[in-house]
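1. Any chance you can model this:
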Amino acid sequence: MGSDRTFLLVDGNNVIHAWAELKDLHRRERGLAHEKLKHLLGQYQDVSGVRVVLVFDGRGQRMEKTQQGETHEVQVIYTDSAHTADDIIERLSAKYASRYRLIVATNDMAEQSLVYAMGAEVISAEDLHRQLQDSHGLMDAWLQRYRRSDG
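-> Numbering: from 1, shown residues only. Here you go, the predicted model:
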């Protein structure tokens, strides 16, 4: 690999439908599940140093790229109506897997096989959930140590 930089590409809708708490939130109001996932991934990015790119299926006539905000800066891509999140993840994997460490989070087995063949690593939505929980635990432990040393 040409760089130590690690990127996590997340198939947003696939993950939302795999996590019970996000799936329930999605049923009530779609945008809330998107925002919750962005928030959780932003916290993970802050703790892990892994650069997160969250990809959602079509939102309109053209592709949109957004940032979550100043603190988390998760890159979010909403595909245009002619493309799927899988298309974008495949394109990014083909272009960057030889230059960076890419990890793709999805439960789509066909997508996993394809991006793995391109040189990306793959994790399931459940493995991503565990990693986010672990990073949250690390952050809590760090905050407790910081508070004790500050007082």
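2. mind saving the C-alpha coords of stretch 37-44 as PDB?
-> Extracted in PDB, the C-alpha atoms of stretch 37-44 (Å, rounded to 0.1, in the frame of the first residue of the first chain):
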ATOM      1  CA  LEU A  37     -25.500   6.900  11.800                       C
ATOM      2  CA  LYS A  38     -23.500  10.000  10.800                       C
ATOM      3  CA  HIS A  39     -23.100  11.000  14.400                       C
ATOM      4  CA  LEU A  40     -21.900   7.500  15.500                       C
ATOM      5  CA  LEU A  41     -19.500   7.300  12.600                       C
ATOM      6  CA  GLY A  42     -18.200  10.800  13.400                       C
ATOM      7  CA  GLN A  43     -17.400   9.700  17.000                       C
ATOM      8  CA  TYR A  44     -15.700   6.600  15.700                       C
END
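3. quick one: it to chain centroid distance?
-> Relative to its chain's centre, stretch 37-44 lies at 8 Å (C-alpha atoms, centre = their mean, to the nearest Å).
4. how about that stretch: buried residues?
-> 37-38, 40-44 (16 or more other C-beta atoms under 10 Å). C-beta coordinates here come from the backbone N, C-alpha and C atoms, glycine included.
5. which one in those is the model shakiest on?
-> Among the buried residues of stretch 37-44, Gln43 carries the lowest pLDDT, at 89.
6. I'd like the average pLDDT over stretch 11-28.
-> The model assigns stretch 11-28 a mean pLDDT of 96.
7. give me the low-pLDDT residue ranges for this structure?
-> 1-3, 59-72, 137-146, 150-151 (pLDDT under 70).
8. where do the strands sit along it?
-> 6-11, 51-60, 64-67, 75-80, 101-105, 121-123 (DSSP state E).
9. Would you format these as CSV with mean neighbour count and distance to His136 included?
-> Converted to CSV, these look like this (neighbours: other C-beta atoms under 10 Å; distance: least, C-beta to C-beta, whole Å):
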stretch, mean neighbour count, distance to His136
strand 6-11, 24, 16
strand 51-60, 19, 15
strand 64-67, 11, 22
strand 75-80, 19, 21
strand 101-105, 24, 16
strand 121-123, 18, 17
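10. would you turn those into JSON lines with distance to Ala20?
-> Output for the strands of the chain, formatted as JSON lines (distance: least, C-beta to C-beta, whole Å):
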{"stretch": "strand 6-11", "distance to Ala20": "17"}
{"stretch": "strand 51-60", "distance to Ala20": "19"}
{"stretch": "strand 64-67", "distance to Ala20": "26"}
{"stretch": "strand 75-80", "distance to Ala20": "22"}
{"stretch": "strand 101-105", "distance to Ala20": "17"}
{"stretch": "strand 121-123", "distance to Ala20": "18"}
